[in-house]
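1. please work out how this folds:
(one chain, ligands or ions: 1)
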Amino acid sequence: MIDNSILYLILACSTLIFLALRPLSVASKRFIYPPGPRALPLFGNLFEFPTSRWWFKFTELGEKFGILIHLSVAGRHIVVIKSQEIAKELLEGTSTADRPPFVMAGELMGFGISIAFIGYGERWRTYRRISHQVMSITAVQMYHEMQEKEARRLVHAFVKDPQSYREQLRFTVGRTIMDAIYGIDCATPDDTYIKVAEATLDNITHAIIPGSFVVDAVPWLKYLPYIGLPFQKHVRDGRKQVQLMVQRPFQHVLRNRENGTAKPSFTSSLLDGEIRLRETAERNDIVSWAAATMYGAAGETMLATLLNFILSMAQNPGIQQKAFAEIESVVGRQRCPNFSDQPRLPYVNALIKEVTRWRVVLPLGIPHMCRDDTQYKDYILSKGTILIPNVWSISRDPVYYKDPQVFNPERFLEEGPELDPFGFVFGFGPRTCVGKNFAINQLYIFVASLLWAFEIAPVDNKEIPNPAYSSGFVSAPVPFLCKITPRHSGVEELTKD
Ligand code: HEM
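-> Next up, the predicted model:
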């Protein structure tokens, strides 16, 4: 990796070029941004940015400057939003539904065409329209049976090898998505489809983290001929892998459709033609990318949320006991929980909301960008301003939550429940998470099944200290030890395939 002094030198040159070349109209127009720390000439607030976990720094700045903070880096304006109401208002319309360019992960590695990274436009609207047909609140019921089966398989795997709960969760999350998206049943964690997808996503996730590659700060570097810079090597290998991840499972579905063995899936439903796409090639391109994005967006977020669930239970035995008692009274011990139990499990539903609030897995969501000059109250933001919702600080704000550090599902049950985290952890406005309904269902059935089957406790009855969290785009707890013991003798038998 290039060392920081060279990075800053290159950044300084690129900023000068940018300032010299930008159109006069932009330079002379009068924009009014919210308050923020003083920006240095050329560099702006570059040095305010820590190397990781920006959400803590943004929260600190919020205490000084208020609920909207303005920063700038190399001529690019950034506004960080610390209030749920303002994030909703500002990110609600299509005028702020663009995405900033992700040069490395998006343009160079080829993921920029995915639903999550692509800018606002016709192709993004098509993605959203077709995905809605198979991810709406009604449509996701088609995955219920498969999700129930995967929950039983997960429980069974935990019985067999409770120590490797993290790997089991990772594999089950991947397998469930493969099944839902492509109708592919992956037998083992070494399955090629899962391996390729995980390796590709590791690469992409690394590439998205700001500061990983110099080309994100200095986009003109992308025009350099190949001279073996670290980002160029990463692109050379990564781009091929992205194609493999998108094409292989999609071709599998096409082959199975031809020989009549395709299982129902997200991809198959889209190919069944409810969507009106003109050419087969165009249709295949759009559907294959919609499918691959789903896999990419679901894996890490679901895994991180389920790990937070395990941690919260090991740290809060009283809450776990209460949730188990509710499940036992509704489900009993003779069968596993299913979706029809859900309306009668209010405490479990509140517990899931609390897991998503207590440790948000995407602490800064995914940034939006203004498509045009945008007026908000007294501010006028220029086209291209990046808008970042500080979801982490919303989840910790005493304005919304009493004792926000405390894990307490009751906060969503009492009269006058506190702010519903499902209203912000899945994002805002037209870019809200496409897989929200699928994710909530999966969290419900996995959480209810694990609570029904196991007692999750610290090892040797010692308290589990709060683990460190990964510092990437998705924030997940680093491995921690805990003891997972079946609650009753029927668990193994009832979860046999
Ligand atoms: C607990 C699990 C999950 C969380 C917390 C989560 C959260 C988010 C957030 C914050 C965004 C950005 C929204 C915005 O820009 O305002 C997003 C986007 C997205 N999510 Fe999720 N997500 C989860 C699971 C899933 C699953 C299971 C899928 C697919 C099956 C999925 C598919 C997507 C897609 C495709 C986008 C891009 C939407 C767009 O840019 O138009 N997510 N998600």
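
2. going forward, measure contacts between C-alpha atoms and count neighbours the same way
-> OK.

3. the ligand contacts on the stretch 51-200 of the chain?
-> With CA under 6 Å from any ligand atom as the criterion, the stretch 51-200 of the chain meets the ligand at residues I115, A116.

4. can you give me the helices for the stretch 51-200 of the chain?
-> Using DSSP state H, counting those that start in this stretch, the helices of the stretch 51-200 of the chain run over 54-65, 84-92, 122-135, 144-160, 165-182, 192-208.

5. now swap in the stretch 301-450 of the chain and tell me
-> With DSSP H, counting those that start in this stretch, the ranges of helices along the stretch 301-450 of the chain come out as 317-331, 346-358, 391-395, 436-453.

6. so which of the ones you listed is nearest S72?
-> Closest approach to S72 among the helices of the stretch 301-450 of the chain is made by helix 391-395 (20.0 Å; CA to CA).

7. which residue does the stretch 151-300 of the chain have closest to the ligand?
-> Nearest to the ligand, among the residues of the stretch 151-300 of the chain, is A298, at 3.7 Å (CA to the nearest ligand atom).

8. same thing with the stretch 51-200 of the chain?
-> For the stretch 51-200 of the chain, CA to the nearest ligand atom, closest residue to the ligand: A116, 3.4 Å.

9. tell me the phi and psi of that residue?
-> Phi and psi for A116, reported as degrees, to the nearest 10, are phi -70, psi -30.

10. and it, how close does it get to D373?
-> 23 Å (CA to CA, to the nearest Å).

11. what does the stretch 351-497 of the chain have sitting close to the ligand?
-> So far as CA under 6 Å from any ligand atom goes, the stretch 351-497 of the chain lies against the ligand at 361-362, 365-366, 425-428, 431-436, 438-439.

12. out of the helices of the stretch 51-200 of the chain, deepest packed?
-> Per-stretch averages of neighbours, counted by mean count of other CA atoms under 10 Å, single out helix 165-182 among the helices of the stretch 51-200 of the chain, with a mean of 22.

13. other SSEs contacting that one?
-> Applying 3 or more CA pairs under 8 Å, 6 or more residues apart in numbering; DSSP states H and E, we find helix 165-182 packed against helix 144-160, helix 192-208, helix 230-258, helix 266-269, helix 280-315.

14. show residues contacting that helix.
-> For helix 165-182, the surrounding residues in contact (CA atoms under 8 Å, 6 or more residues apart in numbering) are 143, 146-147, 150, 154, 157-158, 184-186, 188-189, 194, 249-250, 253, 263, 265-268, 291, 294-295, 298-299, 302-303, 306-307, 479.

15. what pLDDT does S212 get?
-> As predicted, S212 sits at a pLDDT of 77.

16. that one touches N203, doesn't it?
-> No: using CA atoms under 8 Å, S212 is not in contact with N203, being 10.9 Å away.

17. okay, and the helix or strand of this structure with the least pLDDT?
-> One helix or strand of the chain scores below all others by mean pLDDT, DSSP states H and E: helix 24-28, with a mean of 43.

18. hmm, back to that, weakest of the helices of the stretch 51-200 of the chain by average pLDDT?
-> Among those, helix 192-208 scores lowest, with a mean of 85.

19. what packs against it?
-> Looks like helix 192-208 contacts helix 165-182, helix 230-258, helix 280-315 (3+ CA pairs under 8 Å, 6+ apart).

20. need the helices and strands packed on helix 165-182 in a markdown table (columns: distance to E463).
-> Converted to a markdown table, the helices and strands packed on helix 165-182 look like this (distance: least, CA to CA, whole Å):
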| stretch | distance to E463 |
| --- | --- |
| helix 144-160 | 22 |
| helix 192-208 | 32 |
| helix 230-258 | 41 |
| helix 266-269 | 43 |
| helix 280-315 | 7 |
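
21. nearest to K496, out of those?
-> Nearest to K496, of these and by CA to CA, is helix 144-160 at 6.7 Å.

22. low-confidence ranges in the stretch 251-400 of the chain?
-> 273-278 (pLDDT under 70).

23. at 80 what do you get?
-> Applying pLDDT under 80 to the stretch 251-400 of the chain flags residues 273-280.

24. how about the spatially closest residue to G435 that is not a sequence neighbour, what does it touch?
-> With sequence-adjacent residues excluded and distances taken as CA to CA, 6 or more residues apart in numbering, G435 is closest to M135, at 6.2 Å. Shown in contact with M135 (CA under 8 Å, 6+ apart): V434, G435, N437, F438.

25. the first one contacts I130, doesn't it?
-> Yep, that's V434 we're talking about. No: V434 lies out of contact with I130 (CA under 8 Å); the separation is 10.6 Å.

26. roughly how far does the closest residue to K195 other than its chain neighbours sit from T176?
-> Of all residues not flanking K195 in the chain, P189 sits nearest, at 7.5 Å (CA to CA, 6+ apart). Counting by CA to CA, the separation of P189 from T176 is 12 Å.

27. what is in contact with the two at once?
-> Here P189 and T176 share no contacting residue, scored by CA under 8 Å, 6+ apart.

28. the closest residue to K436 other than its chain neighbours and N45, how far apart?
-> Spatial nearest neighbour of K436, chain neighbours left out: F426 (6.6 Å); criterion: CA to CA, 6+ apart. Noted for F426: a distance of 28 Å to N45, by CA to CA.

29. likewise N338?
-> Counting by CA to CA, the gap from N338 to N45 is 51 Å.

30. likewise for E282?
-> On the measure of CA to CA, E282 and N45 end up 42 Å apart.

31. higher neighbour count, those two?
-> The residue with more neighbours, out of E282 and N45, is N45; 21 against 11, by other CA atoms under 10 Å.

32. please report the distance of the closest residue to A439 other than its chain neighbours from S268.
-> Setting aside the residues directly before and after it, A439 is nearest to M302 in space (CA to CA, 6+ apart), at 7.2 Å. Relative to S268, M302 is positioned 23 Å away (CA to CA).

33. try I464
-> Taking CA to CA, one finds I464 at 44 Å from S268.

34. between those two, which one's more packed in?
-> More crowded of I464 and S268, by other CA under 10 Å: S268, with 20 against 17.

35. thought the more buried one was touching Q251?
-> No: applying CA under 8 Å as the test, S268 and Q251 come out as separate, 11.3 Å apart.

36. what about the residue of the stretch 51-200 of the chain closest to the ligand, neighbour count?
-> 22.

37. list of residues touching stretch 434-454?
-> The list of residues contacting stretch 434-454 from outside it, by CA under 8 Å, 6+ apart, reads 128, 131-132, 135-137, 140, 144, 147-148, 151-152, 154-155, 294, 298, 302, 306, 309, 320, 323-324, 327-328, 336-339, 342, 348-349, 352, 426, 484-488, 491.

38. among those, name the buried ones.
-> With burial judged by 16 or more other CA atoms under 10 Å, the buried subset of the contacts of stretch 434-454 is 128, 131-132, 135, 140, 144, 147-148, 151-152, 154-155, 294, 298, 302, 306, 309, 320, 323-324, 327-328, 336-339, 342, 348-349, 352, 426, 484, 486, 491.

39. can you tell me which residues contact the most centrally placed residue in the chain?
-> By CA atoms, centre = their mean, the mean C-alpha position of the chain lies nearest to T301, the distance being 4.5 Å. T301 sits next to V361, L362, V474 when contact means CA under 8 Å, 6+ apart.
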